[in-house]
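Visitor: Here is the input, now give the coordinates:
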Amino acid sequence: MRIVLLLLQKEFLQIFRNRAMLPIIFVFPIIQLVILSFAATHDVKNIALAVLDQDRSSTSRLLVSKLTASGYFTLAGMPLSDHEGFELIEKDAADVFLTIPAHFERDILKKQPTQLQVQVNAINGQKAGLAASYAGDVFQSFSSELMANISPRFIAGNSATPQSFNPSTLQSFNPSVRYWYNPSLDYKTFMVPGILGELVAMLVLILSAMNVVREKEIGTIEQINVTPIRKWQFILGKLLPFLFIGLFDLALGLTVGKLLFNIPLEGDLWLVFAFCVANIFAVLGIGFFISNFADTQQQAMFIAWFFMVIFILMSGLFTPIESMPEWAQAMTVPNPIAHFVTVMRLVLLKGSGWVDIRYNFFVMIGLGVLFNALAVWTYRKTAG
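Guide: Predicted coordinates for the structure are as follows:
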């Protein structure tokens, strides 16, 4: 154990003497957390709206004002023809082109069928789908308000209407919706825990993959190899510092997340840190395994980044795992970031306990044993 402690002392001295590494460990993750939490959102705003109003009535103007007042749409133009409106979409000056037909108000007052035409620029499929959904919500709300206002006037002017007629039957059905665990639907509340878990795992993986390779580049690996240090002692001494760094970054990130974004901390924090230990244990094994096959820090970084891109995109951070094909869902099982993101959201937002995360915990333990065993097995300790 004394040898491991001496190796730990050596590693920490190297880390704190390396002025280039200190910002990477303590500053960059916080900057990334703040920037990504504001930028990584599925909420789409400032959708450019072009409107061809062929009716030019008070009702059509009210509809346009409701669209622009929703906070999602900005009026990009009022073309005079379909051709002009489609040109705005072709030039990317408009994302949505709405055509309000002639006699729009008259048909509504007479309760005759009327139809709005909505053309959406669908190059960005996600943005197009959300834009159409937002417009549909505004149309539904607008229709409900019109029916509520028109029905009493319709009844008052129609002597044949039965006395038992209830105008409320003409209004749209409005369900009562309650949102759990994120009542305000704040996207940052959902994203910050996941981004924090991803950043901790990514930092630990890249640094651990580059650490041993750095010893190869500066030539000190040969001096270590000829010493009577066992392989497990060398690996433990190399990896433990990054475990402590990962835990420190997690604590720092949680503090920033609470102070800056007011993320809820519903569950027990000891569960978060305990899972972080298991997760970093697995990630460190992957990093050290990569370092065994890389000759330079640049190679190690590129190999680590190759795996990180796959891990991040298939982690459920941006796309729900349940929406992926079955083969892709199976590939998320050995993905440490997918488990970290899931546990962070379950514990911090939902207040889940040990029973809810034990599957993820045991998977991380299994992956940690597997990858670290491979790292020890593939590490060649040879005399110079």
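
Visitor: quick one, strands of this structure?
Guide: Counting by DSSP state E, the chain has these strands, from start to end: 47-53, 73-77, 96-100, 117-120.

Visitor: Which one of the ones you listed lies nearest to D268?
Guide: Nearest to D268, of all the strands of the chain, is strand 47-53, at 41.5 Å by C-beta to C-beta. C-beta coordinates here come from the backbone N, C-alpha and C atoms, glycine included.

Visitor: Tell me which strands that closest one pairs with, and in which orientation.
Guide: If you go by DSSP bridges, strand 47-53 pairs up with strand 73-77 (parallel), strand 96-100 (parallel).

Visitor: hang on, the earlier thing: CSV for the strands of the chain, including distance to Q297?
Guide: Below are the strands of the chain laid out as CSV (distance: least, C-beta to C-beta, whole Å):
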stretch, distance to Q297
strand 47-53, 45
strand 73-77, 47
strand 96-100, 49
strand 117-120, 47
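
Visitor: I'd like those laid out as TSV, including mean neighbour count, distance to I303 and mean pLDDT.
Guide: Output for the strands of the chain, formatted as TSV (neighbours: other C-beta atoms under 10 Å; distance: least, C-beta to C-beta, whole Å; pLDDT from 0 to 100):
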stretch	mean neighbour count	distance to I303	mean pLDDT
strand 47-53	21	41	91
strand 73-77	18	45	90
strand 96-100	22	44	90
strand 117-120	16	41	88
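
Visitor: out of those strands, nearest to V347?
Guide: Once the strands of the chain are compared by C-beta to C-beta, strand 47-53 is nearest, at 35.4 Å.

Visitor: what sits up against that closest one?
Guide: With C-beta atoms under 8 Å, 6 or more residues apart in numbering as the test, strand 47-53 has contacts from 60-61, 64, 67-68, 72-82, 84-85, 88-89, 93-100, 127, 131, 134.

Visitor: next one: stretch 348-359
Guide: 181-182, 189-190, 193, 263-268, 271-272, 275, 342-343, 346-347.

Visitor: that older thread, can you tell which of the strands of the chain is closest to W232?
Guide: That would be, of the strands of the chain and by C-beta to C-beta, strand 47-53, which comes in at 57.6 Å.

Visitor: could you dump that closest one to CSV, C-alpha only?
Guide: C-alpha atoms of strand 47-53 as CSV (Å, rounded to 0.1, in the frame of the first residue of the first chain):
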residue,chain,number,x,y,z
ILE,A,47,-39.4,30.8,-36.1
ALA,A,48,-39.6,33.1,-39.1
LEU,A,49,-43.3,33.3,-40.2
ALA,A,50,-44.6,34.7,-43.5
VAL,A,51,-48.3,35.3,-43.9
LEU,A,52,-50.4,35.7,-47.0
ASP,A,53,-53.6,37.2,-45.7
